[in-house]
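> fold the stuff below for me.
(chains A, B, C and D)
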Number of protein chains: 2
Amino acid sequence: MVDRAKPGEQTRTAPPGPRQPSLADVAGMAGVSHMTVSRVVNESGPVRPETRERVLVAVQKLGYRPNTAARALVTGRSGTLGVVALESNLYGPASTLYGIENAAREAGYGVAICSVTRPGRTSIGDAVESLRRQAVEGIVVIAPHITAGRALAAAPSDIPLVAVGGGESAPVPVISVDQYDGARRVTEHLLALGHRTVWHVAGPEDWLEARDRERGWRETLEERGLRVPAVVRGDWSPRSGYEAGRALVGKRGLKAVFSANDQMALGVLRAFTEAGIRVPEDVHVAGFDDVPEAEYFTPPLTTVRQDFIEVGRRTFGLLEDRMAGGDAGARRLVAAELVVRESTASR
Amino acid sequence: MVDRAKPGEQTRTAPPGPRQPSLADVAGMAGVSHMTVSRVVNESGPVRPETRERVLVAVQKLGYRPNTAARALVTGRSGTLGVVALESNLYGPASTLYGIENAAREAGYGVAICSVTRPGRTSIGDAVESLRRQAVEGIVVIAPHITAGRALAAAPSDIPLVAVGGGESAPVPVISVDQYDGARRVTEHLLALGHRTVWHVAGPEDWLEARDRERGWRETLEERGLRVPAVVRGDWSPRSGYEAGRALVGKRGLKAVFSANDQMALGVLRAFTEAGIRVPEDVHVAGFDDVPEAEYFTPPLTTVRQDFIEVGRRTFGLLEDRMAGGDAGARRLVAAELVVRESTASR
DNA sequence: CGGAGTGATGTTAGCGCTAACAATACGTCC
DNA sequence: GGACGTATTGTTAGCGCTAACATCACTCCG
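Below you'll find the model as predicted:
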């Protein structure tokens, strides 16, 4: 579909007003040609110091601001990146967005966002299209959902695009925290406390991160020849964690629980408290994400910390590579860090 | 300062490649003039149905996408709004951002963001300037901080700008949730449970929302001629709430606590638990925000819900008004809703 | 001392699009 | 039947900027 030029819809009675000063205006005031001004402004090409000074004074006096549209038109570069963000307050995605924005701004790029309520092939496709209409030079898809991977398979190949948090199978370069390794570490930590096995409250099956975390947990158990209990599945929300917790209450040999995120762990803690199960005395519980609240849960939660600023930085770096024509190819993993707190205090 | 055209910094070896199709290309294929294509694409001006059809086929076949830079250059409108966001995972600001983005996208606008690590006069000024360089048509400042108000006083007047969550004193139109009223409702709710007074864990003094909430609490007590205990001040974080909770433990007549946000309430709950104070049996606790986790705290937290989607919608509406030259002027308040849960269950 | 550099500046030609006006073909109306 | 409105299409002129080339005035060196 093609843009219908919707904004404003002609409703606006354009106040003609004195338009923004242009290169020509500055040039006039400084008594030079517009090209000289352009050279000063862009630091491209030699300009005599005193000329430069005169130009800068005029720029200042007029409050000149380069017209990005004109510049973009002639250079073919908009200086803007697009980010497809999942509309959620989930700690990870939101933090990642800021990480990317920071890195981009430092490099002089602007960032346009387009949020997606529910991840899905079409919604992500629409978001990408919407960003393209804004003439972004490259796109980052924060795509922790499995359908995102499918959407990316159909992604246009004529614009640099990278994903963050996507699965390995994604047909585009991906940066993500090493979920698998993080899950292994928590599981190993719990096992090291002497338990026969670890129960798992998994995230939604269609989230790649949920899969990776589950796989890390499962394989750690399997390698040791331990029993792998059936997972209880939630949807990341505290509520679902609460329900999972209730489902776990009374399971035979319930000694250690690894929840795929901190919010669900909170629900689990709540369910256990209601059932009279004490943490860490009776059962050990660990989460994943290290949300700021985790340290203040009852009890403080053992979890896995992810460095989203680093993720953002690397994601931007990767996109920059691609925009420059390079192809870094491989999946890049950012290490996860185990944070041990009272919820897994040894007894 | 003037843009230095940083992006890419000439590093890129521009692959000349076949450039995007233009109006002229479509016109050529459809056998009409470029203006006719423009009319079809923008639905401006009459076009014979069969001509339109031919044009649309060509558009489709060529994958034509209007060049926004060219359009912006000639119309003087970029179709983009800017949002200055506080780089934090605080529930409110993050939710507001999505609310605005949604409303803007529905109206056909793109959204550029610029995050600010610490609110301050210069940082917000820089962010605004950075957005202006991206040629946004209007700016929303998510400015819950008091310095934001000051920064806005110095804001340029030649671009439509509105704030969300700012104080009444801000020199620009402001949309915000009625913090004052919300705080009154919680306080009244706590008093209705039969307490002589309510203690308050306040937010940072330099946050406008913290002030409004504190004022709502204070005036409710004063009006009833009740004792107004000294506030314990936190910084929104669970940690500070925890410390506030420890400071409250042992206060004489401690029966009801109103925390200025849910995260601090979590810390308070934690401190009380450690001190053997039971909630709600011994003390009633309420928060503010209704973060998704609040329902699963131990115990579930009574709090105040804010409709951020509505805030976003109204904020965008207000900005749209201003961009159209209208001036709605007055401060617009969005109502807050009391959500009663177990942490204030009557005994 | 003249031609080749080099530094500093100017001139020209678009980038792709829309606003404004021009041109043409029809009917309609008196 | 000719003036006139309306529907449809085309032509022209930039928007503000940068790339590419042109123009000078010097300096340098054989």
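> number of nearby residues for residue A:74?
11 (other C-beta atoms under 10 Å in any protein chain shown). Placement of C-beta: from N, CA and C, glycine included.
> which SSE is it in?
Counting by DSSP states H and E, the element that carries residue A:74 is helix A:68-75.
> not counting sequence-adjacent ones, nearest residue to residue A:299?
Nearest residue to residue A:299, sequence neighbours excluded (C-beta to C-beta, 6 or more residues apart in numbering or on different chains): residue A:342, at 4.1 Å.
> residues in contact with that neighbour?
Applying C-beta atoms under 8 Å, 6 or more residues apart in numbering or on different chains to residue A:342 gives the contacts A:280, A:299, A:300, A:302.
> could you report the distance from the last one to residue A:70?
Using C-beta to C-beta, to the nearest Å, one obtains 56 Å as the distance from residue A:302 to residue A:70.
> tell me which of those two has more neighbours.
Per other C-beta under 10 Å, whichever of residue A:302 and residue A:70 has more neighbours is residue A:302, with 26 against 17.
> need the contact list for the more buried one.
With contact taken as C-beta under 8 Å, 6+ apart, residue A:302 is in contact with A:186, A:189, A:284-287, A:338-344.
> with residue A:177 instead?
By C-beta under 8 Å, 6+ apart, the contact list for residue A:177 reads A:165, A:306, A:307, A:308, A:311, A:333, A:334, A:335, A:336.
> not counting sequence-adjacent ones, nearest residue to it?
Nearest to residue A:177 is residue A:306, by C-beta to C-beta, 6+ apart, at 4.3 Å.
> pretty sure that neighbour contacts residue A:312?
No. When contacts are counted by C-beta atoms under 8 Å, residue A:306 is not listed as touching residue A:312 (11.2 Å).
> run through the stretch 51-200 of chain A and note the low-pLDDT ranges.
For the stretch 51-200 of chain A, residues meeting the criterion pLDDT under 70 lie at A:121, A:166-170.
> can you map out the helices along it?
Using DSSP state H, counting those that start in this stretch, the helices of the stretch 51-200 of chain A run over residues A:68-75, A:91-106, A:121-133, A:146-153, A:179-192.
> which bits of the stretch 1-150 of chain A sit near DNA strand D?
Proximity of the stretch 1-150 of chain A to DNA strand D (C-beta under 7 Å from any atom of the strand) is limited to residues A:19-20, A:22-24, A:34-35, A:38, A:41-42, A:44, A:64, A:66-67, A:70-71, A:73-75.
> buried only: go through these for me.
Neighbour counting by 16 or more other C-beta atoms under 10 Å in any protein chain shown classes A:22, A:23, A:38, A:41, A:64, A:66, A:67, A:70, A:71, A:73 among these as buried.
> can you tell me which two in the residues you listed are farthest apart?
A:64 and A:73 (18.1 Å; C-beta to C-beta).
> how about the contacts made by the residue nearest to residue A:224 when sequence neighbours are not counted?
Spatial nearest neighbour of residue A:224, chain neighbours left out: residue A:191 (7.0 Å); criterion: C-beta to C-beta, 6+ apart. Contacts for residue A:191 were tallied using C-beta under 8 Å, 6+ apart; they are A:198, A:220, A:224, A:226, A:256.
> farthest pair in those?
Longest distance between any two of those is 13.4 Å, between A:224 and A:256; criterion C-beta to C-beta.
> more neighbours: those two, which one.
Set residue A:224 next to residue A:256 and count neighbours by other C-beta under 10 Å: residue A:256 wins out with 24 against 12.
> next up, the contacts around that one.
A:190, A:191, A:193, A:195, A:197, A:198, A:199, A:283, A:284, A:285, A:286, A:344.
> mind listing what the third one touches?
Right, residue A:193. A:256, A:284, A:344, A:346.
> where's it relative to residue A:273, distance?
Distance of residue A:193 to residue A:273, given as C-beta to C-beta: 20 Å.
> same question, the last one
When C-beta to C-beta is applied, the distance between residue A:344 and residue A:273 equals 16 Å.
> those two: who's more crowded?
Counted by other C-beta under 10 Å, residue A:344 and residue A:273 do not tie: residue A:344 has more neighbours, with 26 against 16.
> and the most centrally placed residue in chain A, how close does it get to chain B?
In chain A, the C-alpha nearest the mean C-alpha coordinate belongs to residue A:96, at 3.1 Å (C-alpha atoms, centre = their mean). Computed as C-beta to the nearest C-beta, to the nearest Å, the residue A:96 to chain B distance reads 11 Å.
> again, but for residue A:83
In this view, residue A:83 and chain B are 9 Å apart by C-beta to the nearest C-beta.
> picking up where we left off before, now, which of the contacts of residue A:193 lie close to DNA strand D?
Residues of those in contact with DNA strand D (C-beta under 7 Å from any atom of the strand): none.
> for the residues you listed, which one is nearest residue A:89?
residue A:344 (26.3 Å).
> contact partners for that closest one?
A:189, A:190, A:193, A:256, A:280, A:284, A:285, A:286, A:302.
> starting at the chain centroid, how far to the helix or strand containing residue A:41?
Taking DSSP H and E as the definition, one finds residue A:41 inside helix A:34-42. For helix A:34-42, the separation from the chain centroid amounts to 38 Å (computed by C-alpha atoms, centre = their mean, to the nearest Å).
> quick one: low-confidence ranges for the stretch 201-347 of chain A?
For the stretch 201-347 of chain A (pLDDT under 70), the answer is A:327-331, A:347.
> take the contacts of residue A:193 and keep only those in helices.
Among those, DSSP state H puts none in helices.
> show me those that map onto strands.
Among the contacts of residue A:193, the members falling in strands (DSSP state E) are A:256, A:284.
> and the contacts of residue A:193, which is closest to DNA strand C?
Among the contacts of residue A:193, residue A:344 lies closest to DNA strand C (C-beta to the nearest atom of the strand), at 59.5 Å.
> separation between the residue nearest to residue A:119 when sequence neighbours are not counted and residue A:124?
In space, residue A:119 comes closest to residue A:145 once its chain neighbours are excluded; the distance is 3.5 Å by C-beta to C-beta, 6+ apart. Going from residue A:145 to residue A:124 by C-beta to C-beta gives 9 Å.
> residue A:244 too?
Plainly put, residue A:244 is 28 Å away from residue A:124 if you go by C-beta to C-beta.
> residues near the residue of the stretch 101-250 of chain A found nearest DNA strand D, how many?
Closest contact between the stretch 101-250 of chain A and DNA strand D, by C-beta to the nearest atom of the strand, is at residue A:108 (13.1 Å). Per other C-beta under 10 Å, the neighbour tally for residue A:108 reads 16.
> test my guess that it contacts residue A:79.
Yes. Between residue A:108 and residue A:79 there is a contact under C-beta under 8 Å: 6.8 Å.
> out of the helices of the stretch 51-200 of chain A, which gets nearest to residue B:117?
For residue B:117, the closest of the helices of the stretch 51-200 of chain A is helix A:91-106, at 8.1 Å, according to C-beta to C-beta.
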